[in-house]
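Novice: turn this into a model:
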Amino acid sequence: MARKQYPLRIDPEIWDAVRRWADDEMRSANGQVEWILRDALRRAGRLPRGGRPRPGEGEGAGRDAS
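Specialist: Okay, the predicted model is just below:
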């Protein structure tokens, strides 16, 4: 699967929070942004078909599975 590159303009305070969260979860900041988007899409029922969770992204993954 080819990945798309997308320039992201984001508030520095938000980016710092994402980076800290990524560090806590042992992911890259880019990986954390993708995880956040994938989780939001899944919760909204908008994850495209075939959009299976990647390892560590399923139900109960992470410290807070709420």
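Novice: which secondary structure elements does the helix or strand where residue 22 lies sit against?
Specialist: For residue 22, the host element (DSSP states H and E) is helix 12-25. Packed against helix 12-25 by the contact rule (3 or more CB pairs under 8 Å, 6 or more residues apart in numbering; DSSP states H and E) you find helix 29-43. C-betas here are computed from N, CA, C, even on glycine.
Novice: the helix it packs on packs against which elements?
Specialist: helix 12-25.
Novice: so which bits of the helix it packs on are buried?
Specialist: 18, 22 (16 or more other CB atoms under 10 Å).
Novice: check the offset of it from the chain's centre.
Specialist: Distance of helix 12-25 from its chain centroid, counting by CA atoms, centre = their mean, to the nearest Å, is 11 Å.
Novice: can you list contacts of that helix?
Specialist: 10, 28-29, 31-33, 35-36, 62 (CB atoms under 8 Å, 6 or more residues apart in numbering).
Novice: ok, back up a step: what about the helix holding residue 22, average pLDDT?
Specialist: Averaged over helix 12-25, pLDDT sits at 98.
Novice: what angle do it and helix 29-43 make?
Specialist: Here the directions of helix 12-25 and helix 29-43 differ by 90 degrees (axes from the mean of the first three to the mean of the last three CA atoms, to 10 degrees).
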